[in-house]
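> following is a predicted model, sequence given first.
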Amino acid sequence: MTDYAIGDIQGCYERLRDVLDKVDFSPSRDRLWVAGDLINRGPSSLETLRYIENLGDSAVVVLGNHDLHLLAVALGGHAPKRKDTLQDILCAPDCDRLLQWLRRQNFCVHDQKRNLVMAHAGIPHIWSVEDAVSYAREVEAVIRSAQAEYYFTHMYGNEPERWDPGLTGMDRWRVITNYFTRMRFIADDGTLELATKESAGNAPEGFEPWFRFPRQDDVRVIFGHWAALEGNTGSDRFIGLDTGCVWGGVLTVMNLDTGEKIHCDC
């Protein structure tokens, strides 16, 4: 069995199948770790979502901001954005089943044997791995519960800007969500800067890319979300797999044990 990790697919179903063919991926013997943003902006969101859902236990999935956006439109009353490509999912006869499947996915996955964590945007240096997993489980429980509609109605927003263990309710859930799914630049005290989407060299004053801050552990972190990095973090510990497929870049899959990366032009 081989475990592979893949970056943001964003509805690029044909390119997904192309890159999996390159590694001879078989769900009967292999597993696919998906670093979030399965859907949206690409041409085939429904086919992508159905394919990953159909992998069953052969898929390990964390939620990205675009996946949460689908749920916010479906359950929280938010209007689709102009560039969204979600309508095929929302009109599909199996829409409800696919949404329920999405709600059962994680924000953070920790493989202790490999000393590896996967989260869509990463994990901030102010949290230990144990903290991150615990906070992920809090929000996962909310979106699987009867509180899901309330959560998705109020999910959007940049406040609070910084983690405080005393936070409660929606403020607590929102900032946890933002660290896991929207984080790029961060300050030493954990304050998030969520407006800037450029490359790591364009940090706003007082902020740095989240992976530049020292951690108190040696965990490796797999993440997506930041296409402008083109997969380059300058560190073997922090593995960026969003290589901008939907923007005409490449789709990247990585062997979790060897570190080999295979690309498919998009």
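Nice, thanks for sending it over. Quick caveat: nothing in here was measured; it's all calculated off a predicted structure. Residues are numbered from 1 along each chain as shown.
> which secondary structure element is home to Tyr150?
Applying DSSP states H and E as the criterion places Tyr150 in helix 148-153.
> and that helix, what's buried?
For helix 148-153, a neighbour-count test (16 or more other CB atoms under 10 Å) marks 148, 150-152 as buried. In this view, the C-beta of every residue, glycine as well, is placed from N, C-alpha and C.
> now for it, which elements pack on it?
Packing contacts for helix 148-153, counted by 3 or more CB pairs under 8 Å, 6 or more residues apart in numbering; DSSP states H and E, involve helix 65-76, helix 129-143, helix 169-181.
> take the ones you listed and lay them out in CSV including mean neighbour count, distance to Ala5 and mean pLDDT.
Formatted as CSV, these follow (neighbours: other CB atoms under 10 Å; distance: least, CB to CB, whole Å; pLDDT from 0 to 100):
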stretch, mean neighbour count, distance to Ala5, mean pLDDT
helix 65-76, 22, 16, 98
helix 129-143, 18, 17, 98
helix 169-181, 21, 16, 98
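> out of the ones you listed, nearest to Ile52?
Ranking the helices and strands packed on helix 148-153 by their distance to Ile52 (criterion: CB to CB) puts helix 65-76 first, at 10.3 Å.
> for the closest one, the distance to its chain's centre please.
Helix 65-76 sits 13 Å away from the centroid of its parent chain (CA atoms, centre = their mean, to the nearest Å).
> tell me the first helix or strand C-terminal of it.
For helix 65-76, the following helix or strand on the C-terminal side (DSSP H and E) is helix 87-90.
> so for that next one, what gets flagged as buried?
By 16+ other CB under 10 Å, the buried positions in helix 87-90 come out as 88-90.
> tell me the mean pLDDT over the helix holding Tyr150?
This predicted structure assigns helix 148-153 an average pLDDT of 98.
> before we move on, what about stretch 13-24?
Per-residue pLDDT values across stretch 13-24 average out to 97.
> in it, what's buried?
Across stretch 13-24, burial judged by 16+ other CB under 10 Å covers 13, 15-17, 19-20, 23.
> what's that stretch in contact with?
Residues lying outside stretch 13-24 but in contact with it, judged by CB atoms under 8 Å, 6 or more residues apart in numbering, are 2, 4, 6, 9, 32, 42-44, 47-48, 51, 245, 251-253, 255, 262-264, 266.
> put the alpha carbons of that stretch into CSV.
Listed in CSV are the C-alpha atoms of stretch 13-24, where the atom choice follows Å, rounded to 0.1, in the frame of the first residue of the first chain:
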residue,chain,number,x,y,z
TYR,A,13,-11.3,16.2,-12.3
GLU,A,14,-9.6,15.3,-15.6
ARG,A,15,-6.2,16.5,-14.3
LEU,A,16,-6.9,14.6,-11.0
ARG,A,17,-7.3,11.4,-13.0
ASP,A,18,-4.3,12.1,-15.1
VAL,A,19,-1.9,12.6,-12.2
LEU,A,20,-3.3,9.5,-10.4
ASP,A,21,-2.7,7.5,-13.6
LYS,A,22,0.9,8.6,-13.5
VAL,A,23,1.4,6.9,-10.2
ASP,A,24,-0.8,4.0,-11.0
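> how far is that stretch from where the chain is centred?
Worked out by CA atoms, centre = their mean, stretch 13-24 lies 20 Å from the chain centre.
> with stretch 240-253 instead?
In terms of CA atoms, centre = their mean, the centre of stretch 240-253 is found 13 Å from the chain centre.
> quick check: Leu63 touching Thr177?
No: using CB atoms under 8 Å, Leu63 and Thr177 do not qualify as a contacting pair, with a distance of 9.0 Å.
> quick one: the strands in the chain?
Remark: strands assigned in the chain by DSSP state E are 3-6, 31-34, 59-61, 108-111, 116-119, 185-186, 192-193, 208-209, 220-223, 238-240, 250-255, 261-265.
> now distance to Trp127, mean neighbour count and mean pLDDT too, for those, in TSV please.
Conversion of the strands of the chain to TSV gives the following (distance: least, CB to CB, whole Å; neighbours: other CB atoms under 10 Å; pLDDT from 0 to 100):
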stretch	distance to Trp127	mean neighbour count	mean pLDDT
strand 3-6	21	22	98
strand 31-34	21	22	98
strand 59-61	21	20	98
strand 108-111	10	20	98
strand 116-119	10	25	98
strand 185-186	11	24	98
strand 192-193	13	21	98
strand 208-209	16	19	98
strand 220-223	11	24	98
strand 238-240	15	24	98
strand 250-255	24	22	97
strand 261-265	27	16	94
